[in-house]
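In: got a structure for you, letters missing:
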């Protein structure tokens, strides 16, 4: 689902860098648009929480892998049997692609816990 990671897995650092730059540019553009609309953004799969030691950390809220699998399954269905995709499934595919957090997720995995 992440062309930059797939390129890196193939050992193609050049393509990986290009894809990553494109993703970062898109993220910066999205951030500017949200700022213009005065819209706050919150990660879908993490929330910030203060730990017992008083240090803020990102806590995984769950649901990412299930949503990702659902998107993969719907995309496979659309590819193999496009006529069978229902309008509500098309809508779900778009929603999962737009706000899933699947691409562009950044966090420090050393400081997260599963809640």
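Out: That came in fine, so what should we check first? Values in this document were obtained by computation on a predicted structure and should not be read as measured data.
In: tally of neighbours for residue 18?
Out: Neighbours of residue 18 under the rule other C-beta atoms under 10 Å: 14. For glycine as for every other residue, the C-beta is placed from the backbone atoms N, C-alpha and C.
In: my bad, should have said residue 59
Out: Neighbours of residue 59 under the rule other C-beta under 10 Å: 17.
In: am I right that it is in a helix?
Out: No - looking at residue 59 with DSSP: H, G, I helix; E, B strand; the rest coil, it is strand, so not inside a helix.
In: burial of residue 39, as a residue count?
Out: Counted with other C-beta under 10 Å, the burial measure for residue 39 works out to 8 neighbours.
In: ok, now how distant is it from residue 45?
Out: 19 Å (C-beta to C-beta, to the nearest Å).
In: same question for residue 22.
Out: Noted for residue 22: a distance of 22 Å to residue 45, by C-beta to C-beta.
In: quick one: the helices in this protein?
Out: Chain-ordered helices for the chain, with DSSP state H as the definition, fall at 3-9, 13-36, 64-80, 87-99.
In: pull out the buried positions in the second one.
Out: Which is helix 13-36. Along helix 13-36, these residues count as buried under the neighbour rule (16 or more other C-beta atoms under 10 Å): 16, 19-20.
In: which residues touch it?
Out: Contacting residues not belonging to helix 13-36 are listed as 2-5, 7-8, 40-41, 103-104 [C-beta atoms under 8 Å, 6 or more residues apart in numbering].
In: could you rerun that using 10 Å?
Out: Contacting residues not belonging to helix 13-36 are listed as 2-10, 12, 39-41, 103-104, 106 [C-beta atoms under 10 Å, 6 or more residues apart in numbering].
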